[in-house]
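**Student:** From the sequence below, what's the structure:
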Amino acid sequence: MIDVISVHVAKCAGTSFRHALQRAYGVDAVYLDYDDRIADPGSAMNLRPDEFFAAASSSGYPWMTGKRVVHGHFHIRKYDAYPAPCARIAFLRHPVDHTISLYHFWRRLPRAGHALQNYMLDNDLTLLEFARLPYIQYFYERVYFAGVDRSTFDFVGSVEQLERDSGRLSRLLGVPLEVPSMNLGPQPAAPEWSDPNLRRELASIRKDDIRLYTAWCEA
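**Tutor:** Take a look at the predicted model:
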């Protein structure tokens, strides 16, 4: 029986949290669900969403047999039909820092047929051009959490308050969670982290995601 359905939003400490879940529940008890390409406009999930989610809901989730946790890059709607009670959780990062981190991550990540990453690299987009792409501008509101109400989740934590929120989540789940800070992006090397004008511009571009981040993490 699944105890936790954990949405790993890209560049929101999900790798760190995966390690914490594997230590708490056991590596073999954690199913890693990373094949949906949720942020790729050319993925089956985005091209035929109703068909995609209907197929998942009608499958009976055989990949979850013998597991206690599912964690990965997926839309929570995929598990709407999972019958047993379990904790639905996610961590979010402030959208300005998230944009900078994702931009640099995709620039150094090898190509893997991801339409949005290919477009970014083929056109050598600047950070601001990248941020204005609709899939990035509304990465939370219209991609990972499109059509989702905060009440769908039992817990939403903040990367900026990782230690505090990991403690809150440990108490909710009843298991010890030690979340190391890892894979958060090239903060020391990227000048954008400390450019106030650029950060203001990014905040303006992702203002709707900032509103969601603030409301969801403080709920």
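**Student:** From now on I want contacts and neighbour counts done on CA atoms only, so please keep to that.
**Tutor:** Noted.
**Student:** And the next helix or strand past the longest helix anywhere in the chain?
**Tutor:** In the chain, with assignment by DSSP state H, the single longest helix is helix 95-108. Next helix or strand after helix 95-108 toward the C-terminus (DSSP states H and E): helix 115-122.
**Student:** which stretches of the chain have low pLDDT?
**Tutor:** 181-190 (pLDDT under 70).
**Student:** ok, back up a step: can you list the neighbours in contact with the longest helix of the chain?
**Tutor:** Outside of helix 95-108, the residues within contact range by C-alpha atoms under 8 Å, 6 or more residues apart in numbering are 10-12, 117, 121, 127, 130-131, 136, 184-187, 192-193, 199, 202-203, 206, 209-210, 213.
**Student:** and the angle for it with helix 115-122?
**Tutor:** Helix 95-108 and helix 115-122 are oriented at 70 degrees to each other (axes from the mean of the first three to the mean of the last three C-alpha atoms, to 10 degrees).
**Student:** So how do I select the buried members of the contacts of helix 95-108 in ChimeraX?
**Tutor:** Buried residues among those (16 or more other C-alpha atoms under 10 Å), as a ChimeraX selection:
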select :10,11,12,117,127,130,131,136,184,185,192,193,199,202,203,206,209,210,213
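**Student:** what number of residues lie near Val9?
**Tutor:** Using other C-alpha atoms under 10 Å, the number of residues around Val9 comes to 25.
**Student:** repeat for the one 5 residues further on
**Tutor:** Other residues near Gly14 come to 25 when the count uses other C-alpha under 10 Å.
**Student:** Centroid-wise, who is the farthest residue in this protein?
**Tutor:** Asn197 (26.5 Å; C-alpha atoms, centre = their mean).
**Student:** other SSEs contacting the host helix or strand of it?
**Tutor:** Using DSSP H and E, Asn197 sits within helix 196-205. In this structure, helix 196-205 makes packing contacts with helix 95-108, helix 127-131, judged by 3 or more C-alpha pairs under 8 Å, 6 or more residues apart in numbering; DSSP states H and E.
**Student:** tell me the angle of the first one relative to helix 196-205?
**Tutor:** So the one you mean is helix 95-108. 100 degrees.
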